[in-house]
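**Q** Quick check, what structure comes out for this input:
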Amino acid sequence: MNEFHYISYKISVVMLSLSLGSPANAAAPSPAKVDHPIKETELSTITLTQEAEHRLGLVVATVERRELAQLRELAGEITVPARAGAANNSSPQNGQSVLAILPLLSPAEQLRLAQAQIDADGQVEQAKVQLNGAKQSLQRAEQMQTDKVGTGRSVDDARVQASLTENGLQTAKLRRELLGPALLATTNPTEVWVRVAVYAGDLPKFDTHKAASISVLGDGLYSTSLKAAPIQAPPSANAVAATLDVFYKLSNRDGAFRLGQRVKVRIPMQASASELTIPWSAIVYDVEGGAWVYQQIAPLVYQRRRVQVQRVVGDLTALSGDITVGSKVVVTGVAELFGTEFGIGK
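**A** Numbering: from 1, shown residues only. From the prediction side, this is the model:
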C-alpha cells in the first residue's frame, strides 16, 4: 500500500467512527424557547354593552382607499428674499443677487459683504450728487446760450457731461443691487425665503408649483407645519453636489424663523398613489411605539389590530398592516377603549 492509499484509508476510518458515535436521528436542541406564545391575530376581543359604548363615546369610520399626494421631506434653509431691495428700496432689474450664495458665506465673508454694501451705497449717493451738478451745469449753459452770452459748444459739453454722470449713476446702482439687501437691515425680516437643495435628477419628479409644508427641526412627523408658497428666484445651483435650489416664501411677522435656520420641507411629488386611509385620530400607540387601531368586528365587539403608519396628509393617515378596505375602525374614543382593554379605563 503506497502512502496515498494509506492516508485515504485513515480518513475513511475516522469518518466512520464519527458517524457511528453520533446517532443520525438525534434532534438538535432548540436555540430558543417561547412559553405561551400569543399571535396578534388572536388578541383579546372587547365586548361592550350599549351603555358602556355610549359612555366611552365611540365613533367608527370606514377604511377607504384614496388618492393621496406623495410628499418627500428635504432639508431647507431660511434666507432673506433675494429681491428684498437694497438700502434705497430698489430691486435688481435682472433678478440676480449675491443673496443666492449668502447661506454659503462664512461670518467673516458676510462682514466683508456688509462693508462692500456700505461702500456701494456711498458710491450711489456720490453719483447722484454728480448728476445733480451736471444737470445744473447744463441748465446754466442752455440759459447762457439763450441770453446770447454762451456758445453751443458749451451746451454740448454740458450735455455730454450730464449723460456720462447719469450712466455712472446707473452703473453704481446696478453694482449696489448685485450686492443684495443690506445685511445690517435684515436681521429680522417679516418675510423670509426657504432655500431647498434638490438633486438635479429628482427635480422633474417634484411639483414645485404647489405649496410646501415647513416645520422646524425636532418636531415629529405629525407636528403642525406652515404652508410656504413657491416663488421664482434667481437661479442657484451647486455643481459639486449636483443640486438645484428651489425657493419658497414664508411669512415671518412673529419672528419665529432666523436667517440660516435649518427646517424640514415637505414638497409634493408629481405622482399620486392610491393608499389605505383612515382619520389620524384612529391611531393609538403602545408603550413600545407600536401603532394600533381598534376594528369593529361586530356590533359592540372590537379588536385591536397592528398597523404601520406610512405618512400623514392633513387629518388622514396612509397606513398598511392587518386591515382591509371597508373595515370599520374606531376614530373617537380610541384612548378610552385602549384603557378599557388593559383595565385602566372607565
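**Q** Would you map the strands across the chain?
**A** 45-47, 59-62, 64-79, 191-199, 212-216, 226-230, 237-238, 243-251, 262-279, 284-285, 291-298, 301-313, 316-321, 328-332 (DSSP state E).
**Q** So which bits of the longest one are buried?
**A** Spelled out, that is strand 262-279. Val263, Lys264, Val265, Arg266, Ile267, Pro268, Glu275, Leu276, Thr277, Ile278 (16 or more other CB atoms under 10 Å). Every residue, glycine included, has its C-beta placed from N, CA and C.
**Q** from these, which two are the most distant?
**A** Val263 and Leu276 (29.8 Å; CB to CB).
**Q** Could you report the pLDDT at the nearest residue to Gly133 once chain neighbours are set aside?
**A** Leaving aside its chain neighbours, Gly133 sits nearest to Thr165 (7.7 Å; criterion: CB to CB, 6 or more residues apart in numbering). Reading off the confidence values, Thr165 has pLDDT 91.
**Q** and if you look at Val14?
**A** 53.
**Q** domains in the chain, as residue ranges please.
**A** 40-68+274-341, 71-81+186-273, 98-184 (automatic domain parsing).
**Q** Worst mean pLDDT across the helices and strands of this structure, which element?
**A** helix 3-21 (a mean of 55; mean pLDDT, DSSP states H and E).
**Q** rewinding a little: make a markdown table out of the buried residues of strand 262-279 and add distance to Phe257.
**A** Below are those laid out as a markdown table (distance: CB to CB, whole Å):
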| residue | distance to Phe257 |
| --- | --- |
| Val263 | 7 |
| Lys264 | 12 |
| Val265 | 12 |
| Arg266 | 16 |
| Ile267 | 18 |
| Pro268 | 21 |
| Glu275 | 32 |
| Leu276 | 35 |
| Thr277 | 32 |
| Ile278 | 33 |
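**Q** burial of the residue nearest to Arg159 when sequence neighbours are not counted, as a residue count?
**A** Leaving aside its chain neighbours, Arg159 sits nearest to Leu138 (5.8 Å; criterion: CB to CB, 6+ apart). Per other CB atoms under 10 Å, the neighbour tally for Leu138 reads 20.
**Q** give the contact list for Leu138.
**A** Going by CB atoms under 8 Å, 6 or more residues apart in numbering, Leu138 touches Val155, Ala158, Arg159, Gln161, Ala162.
**Q** separation between it and Leu337?
**A** Distance of Leu138 to Leu337, computed by CB to CB, to the nearest Å: 88 Å.
**Q** repeat for Pro279
**A** From Pro279 to Leu337 the distance is 15 Å (CB to CB).
**Q** And for the nearest residue to Arg305 once chain neighbours are set aside, the neighbour number?
**A** In space, and not counting its chain neighbours, Arg305 is closest to Asp322: 4.6 Å by CB to CB, 6+ apart. Residues near Asp322, counting by other CB under 10 Å, number 17.
**Q** was I right about Pro230 contacting Thr208?
**A** Yes: counting by CB atoms under 8 Å, Pro230 touches Thr208, with 5.6 Å between them.
**Q** who touches both of those two?
**A** Val246.
**Q** Show the pLDDT at Thr62.
**A** 93.
**Q** and what of Leu226?
**A** 87.
**Q** And for Ile283?
**A** The model reports Ile283 with a pLDDT of 92.
**Q** which non-adjacent residue is nearest it?
**A** Ala291 (5.5 Å).
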